[in-house]
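S.K.: Dropping a prediction and its sequence here:
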Amino acid sequence: MAELHPKLKSRPIPLRVRFRPAPGPEQQQGDFSGGAEPVATSEHGGLFSYANEGEAKRRGEHIKELLRLGNLLRADLGLDDVLQQIAASIANCTGFQALAINLVDEQAQVTRVAACIGVSPEDERRLKDNPEPLATMLGMMRPEYRISQSYFLSHTQMKENFTELVNVPAGTLEGYGEGKWHPEDTLIIPLYSLREEKLLAVLSMGNPEDGSHPSESRIELAELFAQQAAIAIDNTRLFQEREEEHRALEEGVARLREEMEPLRSGDLRVRLSSHHEKLQPIAESINQVVSEIGSLLGRVQMVTEAVDDHTRSVRLSSESLVRDTAQQGQKVEQISTIIEQIAELMRQVSDKANTLSQTSSDVAEVTREAQSAVMRAVDGMGMVRETTLESGRTMKTLSESGQTINESVTDISDLAIRMHHVALNAAIEATRAQEHGQGFVLVAQEVRTLANYGSEAARKVGAYIRTIQHETTAMSQSVEQNTQRVVMQTELVMQTGVALEAISAVTEQLSMLIEGICITSDQQMKGAQRVVGVVHDISRTTGDITQSMRNMQESLEHLLNLSDALRSRMAVFRISYDLHV
């Protein structure tokens, strides 16, 4: 139950319903301190002291009614039914003909009528439909209004201070006088919870049967019955609170059960939450346990995956290693065969190296003879060069002589031309001399004929001379070219001699190298034989390694099967990635 306003804890606060009593017979005089009413004291050994047997009998009836109300509190009745019977008992035992029990609504800060006696149905609906503000009721509980644990407010006080309250007519002013109960007088009794010391309700009473102000003992009797109403309200609210708490607890447990359902299928990603304060620590504890289990399973899964990956990698490596080892064994056998072949080849190389050494000696001898021949060829080429140079000079002289002859032929040709002109002039003159020059004409013709023959012969000789000059020039050029070729051949022969000298030196070095090769071949042949022995040992070791790798492969297969089985069992658990950390 929520805490009330601080004023509700500092002083009692009634819930008030005011009744106007109906007109009745003449009321008796009385006041709160005396009169014909019995007064409750603590000196007579009981709760009340009465003046006669009638009062004692009435006291017994009151006690029976209290016991009956106590039994009602233990009965399975609703709060409204219990409060209605309590209101009827209070009216019957105290003589008040009109009363109402008003419950406090803490959330709305108002008071609402829960049970009432002595009002019409219309007035009852009016009271229930118009709750009074709780703040207004605080002012009705002043110390000057207090009598015992109750509060009495006269009609004058009500008019002066509480005019805004709802009035429900319950009587008239007929028979009213001094010391009598006014229809607007009100007696309110606050009902407190003994369990929480909080205001639960207010009992409002009016219209007493005798029309007089009640005595203090009568008020204490009403307070005693009012306490039963407080106990009923407190118990009912306690029961409701327990029921609500029980229902909330059951709902929270049901929600937790629903939220935990995925955990049964291995989903550890579920996080439980509960709005119930008693279930929240349990949910947090379960979340912590699930988180730790998820973290542990996450690490186990990571380790399992790592072991599985590593095992598969090692298995692949072992398979590859077994294959490589088998291939290595085959290659070792091949290497052994090859090394044996190499040893045989080394022996053959050694034999051929010896043969090559002998051949290189012969080559050195032939090279020396070739050097001598080259030297002789160089000398012969020098003589040919000199002869060629001499021929070139002769050809040049011949060409110069042909040029001189050509010039002489040119002179002869000019002479023949002039003789032809002379013969032509003589013929002309003989023609002029007519008969006397006939003989001279014949001579002129002969001269002209000879001139023609001489000119033709000079022309042919010139042509022959020019031909000879051309041929001589061509021969001279050919001789010069031959001379250059002879020079080039001489240089080539000299280079050949130099090359033969180098070949001779290389041949000597080659002979020395071949001797070294022979020695090395013998050593390699012996080393190859030792390698063959080592290769046989490697082959045996490779076989042992292959067998060990097969055994390790079988162990890895078994480990992989175990890892697969563990992973398949762990697959039912689904965890968050953050649980891996």
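M.R.: That came in fine, so what should we check first? Numbers count the residues shown, from 1 in each chain.

S.K.: any low-confidence regions in the stretch 151-300 of the chain?
M.R.: 166-173, 175, 268, 274-276 (pLDDT under 70).

S.K.: show me where it has helices.
M.R.: Listed in chain order, the helices found in the stretch 151-300 of the chain under DSSP state H, counting those that start in this stretch are 155-161, 216-264, 280-433.

S.K.: any idea what sits nearest residue 371, other than its immediate chain neighbours?
M.R.: residue 500 (4.7 Å; CB to CB, 6 or more residues apart in numbering). Where C-beta positions appear, they are placed from N, C-alpha and C, glycine not excepted.

S.K.: Now for that neighbour, how many residues are close by?
M.R.: 21 (other CB atoms under 10 Å).

S.K.: Next, work out how far apart it and residue 387 are.
M.R.: 26 Å (CB to CB, to the nearest Å).

S.K.: tell me the angle of the host helix or strand of residue 558 relative to helix 280-433?
M.R.: Here residue 558 sits within helix 438-570, counting by DSSP states H and E. If you take axes from the mean of the first three to the mean of the last three CA atoms, to 10 degrees, helix 438-570 sits at 170 degrees to helix 280-433.

S.K.: re the thing from before, winner for burial among the helices of the stretch 151-300 of the chain?
M.R.: Highest mean neighbour count of these: helix 216-264, a mean of 17 (counted as mean count of other CB atoms under 10 Å).

S.K.: now the angle between helix 280-433 and it, please.
M.R.: Interaxial angle, helix 216-264 versus helix 280-433 (the same axes, to 10 degrees): 40 degrees.

S.K.: Show the secondary-structure elements that helix 216-264 is packed against.
M.R.: helix 53-74, helix 79-94, strand 96-105, strand 150-153, strand 186-192, strand 199-208, helix 280-433 (3 or more CB pairs under 8 Å, 6 or more residues apart in numbering; DSSP states H and E).

S.K.: so who does residue 454 touch?
M.R.: 412, 415-416, 419 (CB atoms under 8 Å, 6 or more residues apart in numbering).

S.K.: got a markdown table for these, with pLDDT too?
M.R.: Converted to a markdown table, the contacts of residue 454 look like this (pLDDT from 0 to 100):
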| residue | pLDDT |
| --- | --- |
| 412 | 77 |
| 415 | 75 |
| 416 | 73 |
| 419 | 76 |
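
S.K.: follow-up on the earlier one: kindly reformat the helices of the stretch 151-300 of the chain as a markdown table containing distance to residue 559.
M.R.: What follows is the helices of the stretch 151-300 of the chain, written out as a markdown table (distance: least, CB to CB, whole Å):
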| stretch | distance to residue 559 |
| --- | --- |
| helix 155-161 | 94 |
| helix 216-264 | 31 |
| helix 280-433 | 5 |
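
S.K.: Of the ones you listed, which is nearest residue 188?
M.R.: Closest approach to residue 188 among these (CB to CB): helix 216-264, 9.9 Å.

S.K.: Neighbours of residue 504, how many?
M.R.: Applying other CB under 10 Å, we find 18 residues neighbouring residue 504.

S.K.: returning to what we had before: of the helices of the stretch 151-300 of the chain, which is nearest residue 551?
M.R.: Here helix 280-433 is closest among the helices of the stretch 151-300 of the chain (CB to CB), at 9.9 Å.

S.K.: How far away from the center of its chain is the closest one?
M.R.: Relative to its chain's centre, helix 280-433 lies at 61 Å (CA atoms, centre = their mean, to the nearest Å).

S.K.: what packs against that helix?
M.R.: Short answer (3+ CB pairs under 8 Å, 6+ apart): helix 280-433 packs on helix 216-264, helix 438-570.

S.K.: can we see that at 6 Å?
M.R.: Packing contacts for helix 280-433, counted by 3 or more CB pairs under 6 Å, 6 or more residues apart in numbering; DSSP states H and E, involve helix 438-570.

S.K.: tell me which residues of stretch 450-470 are tucked away?
M.R.: By 16 or more other CB atoms under 10 Å, the buried positions in stretch 450-470 come out as 451, 454-455, 458, 461-462, 465, 468-469.

S.K.: Just the CA trace of it, in CSV.
M.R.: C-alpha atoms of stretch 450-470 as CSV (Å, rounded to 0.1, in the frame of the first residue of the first chain):
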residue,chain,number,x,y,z
LEU,A,450,96.3,7.2,-149.4
ALA,A,451,95.1,9.9,-147.1
ASN,A,452,91.8,8.0,-146.6
TYR,A,453,93.7,4.8,-146.0
GLY,A,454,95.9,6.6,-143.5
SER,A,455,93.0,8.2,-141.8
GLU,A,456,91.2,4.9,-141.6
ALA,A,457,94.3,3.2,-140.3
ALA,A,458,94.9,6.0,-137.7
ARG,A,459,91.3,5.6,-136.6
LYS,A,460,91.6,1.9,-136.1
VAL,A,461,94.9,2.2,-134.4
GLY,A,462,93.4,4.9,-132.1
ALA,A,463,90.5,2.5,-131.4
TYR,A,464,92.9,-0.3,-130.6
ILE,A,465,95.0,2.0,-128.5
ARG,A,466,91.9,3.1,-126.5
THR,A,467,90.8,-0.5,-126.1
ILE,A,468,94.2,-1.4,-124.8
GLN,A,469,94.2,1.6,-122.5
HIS,A,470,90.8,0.5,-121.1
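
S.K.: lowest confidence element among the helices and strands of this protein?
M.R.: Every helix and strand in the chain was compared by mean pLDDT, DSSP states H and E; the lowest is strand 18-19, with a mean of 36.

S.K.: that older thread, go through the helices of the stretch 151-300 of the chain and name the closest to residue 87.
M.R.: Of the helices of the stretch 151-300 of the chain, nearest to residue 87 by CB to CB is helix 216-264, at 7.7 Å.

S.K.: That closest one vs strand 186-192, what angle?
M.R.: Orientation of helix 216-264 against strand 186-192 (the same axes, to 10 degrees) gives an angle of 40 degrees.

S.K.: what's the neighbour count on residue 554?
M.R.: 11.

S.K.: Now do the closest residue to residue 272 other than its chain neighbours against residue 92, distance only.
M.R.: Excluding its sequence neighbours, the residue lying closest to residue 272 (CB to CB, 6+ apart) is residue 283, at 4.1 Å. Residue 283 sits 53 Å away from residue 92, taking CB to CB as the criterion.

S.K.: Residue 354 too?
M.R.: Taken as CB to CB, the span from residue 354 to residue 92 is 153 Å.

S.K.: try residue 247
M.R.: 37 Å.

S.K.: try residue 357
M.R.: According to CB to CB, residue 357 stands 154 Å off from residue 92.

S.K.: contacting residues around the nearest residue to residue 448 once chain neighbours are set aside?
M.R.: Sequence neighbours aside, residue 423 is the residue nearest to residue 448 in space, at 3.5 Å (criterion: CB to CB, 6+ apart). Residues counted as contacts of residue 423 (CB atoms under 6 Å, 6 or more residues apart in numbering) are 444, 447-448, 451.

S.K.: Next: residue 381.
M.R.: 489-490, 493.

S.K.: And for residue 314?
M.R.: Residue 314 neighbours (CB under 6 Å, 6+ apart): residue 556.

S.K.: now it: how far from residue 550?
M.R.: Going from residue 314 to residue 550 by CB to CB gives 14 Å.

S.K.: list residues touching both of the two?
M.R.: What both residue 314 and residue 550 touch, as defined by CB under 6 Å, 6+ apart, is an empty set.
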